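this one's structure only:
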């Protein structure tokens, strides 16, 4: 009888111990699942917070930059109002705690000697090897003897996009240096020619020490028009045109393209001539080009935003 009791006790203990161990294992498994789930959720939340905190392109801010520049215009090179626009650009660079480099030069034009100023600032890349991508736009406006030309689309719009991109690019970690180039003297003073146009870009290219250090030049000109339609410029580098197409496809912004294939002479040409990859992002089919109606009424904050997003996507692709 006693032996039976002992045997029953031992069996009961074994069953209890087995159930206890199974219960502990299940609890540990559940705990591990909870920990993994918690870690995943925390990681997901962190990523979402990072995305939320990452600076986004502000169409409102870009539009305000454009308006502020137009309010200071006309900005014909060498004039007092032009100098005020120069100060505005430099102030915006300083707000981002970036170093300003000015190249002030005097050049001969059909209306006499004119002082011009190319303004640059550079955001260093992680590779620190001096290789760079240039984002460029001209900030001068067309000279008319008897007409007040404001040049909202041509090219306060391109400058406005660059100024908004400054703070965004500063917060990113790109492989290559990103140089912001605000060019002077794009416009002709009389008739467009090899000597009367592109004063700033020709000056800049003449001072390049190593063309191999420049991976790409992205020029923004006339990018604020409502229902913008970016042209396919046959003078732009084919490889950069491919990247432009890829960027717009990734963003579902192919509606921003026109079906026009035209050869455009703009500030990218001195770079292309030197063998540097360069592209002109431009909507040249603009009814109010070089007229007094090129004002803020024709500017779309959405177009400014779209071009800003496309430019950022191109930078992402070029920095892979």
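Right, received. Where do you want to start? On a predicted model such as this, the values are computed, not experimentally measured, just so you know. Numbering: from 1, shown residues only.

from here on, just use CA atoms for contacts and neighbour counts.
OK.

quick one: residues contacting residue 99.
Taking C-alpha atoms under 8 Å, 6 or more residues apart in numbering as the criterion, residue 99 is in contact with 93, 121, 122.

state the pLDDT value of it.
Predicted confidence (pLDDT) for residue 99: 97.

would you say it is within a helix?
No: going by DSSP: H, G, I helix; E, B strand; the rest coil, the assignment for residue 99 is coil, not a helix.

residue 284 versus that one, what's the distance?
Computed as C-alpha to C-alpha, to the nearest Å, the residue 99 to residue 284 distance reads 33 Å.

wait, is residue 186 part of a strand?
No: membership of residue 186 in a strand is not supported by three-state DSSP, which gives coil.

confirm residue 88 sits in a helix?
Yes: using three-state DSSP, the secondary structure at residue 88 is a helix.

and the residue nearest to it when sequence neighbours are not counted, what helix or strand is that in?
Sequence neighbours aside, residue 69 is the residue nearest to residue 88 in space, at 7.7 Å (criterion: C-alpha to C-alpha, 6 or more residues apart in numbering). According to DSSP states H and E, residue 69 maps onto helix 59-71.

which residues are contacting that helix?
Helix 59-71 has contacts (C-alpha under 8 Å, 6+ apart) with 85, 88, 150-152, 156-157, 159-161, 163-164, 295-296, 299-302, 304-305.

among those residues, name the ones in helices.
Secondary-structure check on those using DSSP state H: residues within helices are 85, 88, 157, 159, 160, 161, 163, 164, 301, 302, 304, 305.

same list, those residues, but as a markdown table with neighbour count please.
Putting the ones in helices among the contacts of helix 59-71 into a markdown table (neighbours: other C-alpha atoms under 10 Å) gives the following:
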| residue | neighbour count |
| --- | --- |
| 85 | 22 |
| 88 | 16 |
| 157 | 33 |
| 159 | 30 |
| 160 | 30 |
| 161 | 32 |
| 163 | 20 |
| 164 | 24 |
| 301 | 20 |
| 302 | 19 |
| 304 | 30 |
| 305 | 23 |
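
just the closest of these to residue 198, please.
In terms of C-alpha to C-alpha, no member of these lies closer to residue 198 than residue 159, at 16.1 Å.

which residues touch the closest one?
Contacts for residue 159 were tallied using C-alpha under 8 Å, 6+ apart; they are 66, 137, 138, 139, 182, 220.

which elements pack onto the helix or strand hosting the fifth one?
Under DSSP H and E, the secondary-structure element containing residue 182 is strand 177-183. The contact analysis (3 or more C-alpha pairs under 8 Å, 6 or more residues apart in numbering; DSSP states H and E) places strand 177-183 against strand 112-123, strand 132-138, helix 157-170.

mind showing which ranges of this protein have poor pLDDT?
Scanning the chain for pLDDT under 70 picks out the ranges 1-54.

how is it carved up into domains?
1-53, 54-318 (automatic domain parsing).

pick the most buried one from the ones you listed.
For these, the largest average neighbour count (mean count of other C-alpha atoms under 10 Å) is found in domain 54-318, namely a mean of 19.

JSON lines for the helices and strands packed on strand 177-183, including distance to residue 246?
As requested, those are arranged in JSON lines below (distance: least, C-alpha to C-alpha, whole Å):
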{"stretch": "strand 112-123", "distance to residue 246": "24"}
{"stretch": "strand 132-138", "distance to residue 246": "18"}
{"stretch": "helix 157-170", "distance to residue 246": "20"}
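
which one of these lies closest to residue 318?
Counting by C-alpha to C-alpha, residue 318 lies closest to strand 132-138 out of the helices and strands packed on strand 177-183; the figure is 8.5 Å.

sheet partners, orientation included, of the closest one?
Strand 132-138 has these partner strands in its sheet, going by DSSP bridges: strand 177-183 (parallel), strand 214-221 (parallel).

and the angle for the longest one with helix 157-170?
Right, the one you point to is strand 214-221. An angle of 140 degrees separates the directions of strand 214-221 and helix 157-170 when computed by axes from the mean of the first three to the mean of the last three C-alpha atoms, to 10 degrees.

within the sheet, what are the partner strands of the helix or strand where residue 232 lies, with directions?
When elements are assigned from DSSP H and E, residue 232 belongs to strand 230-233. In its sheet, strand 230-233 lies beside strand 257-262 (parallel), with partners assigned from DSSP bridges.

now find how far off-centre the strand it pairs with is within its chain.
For strand 257-262, the separation from the chain centroid amounts to 22 Å (computed by C-alpha atoms, centre = their mean, to the nearest Å).
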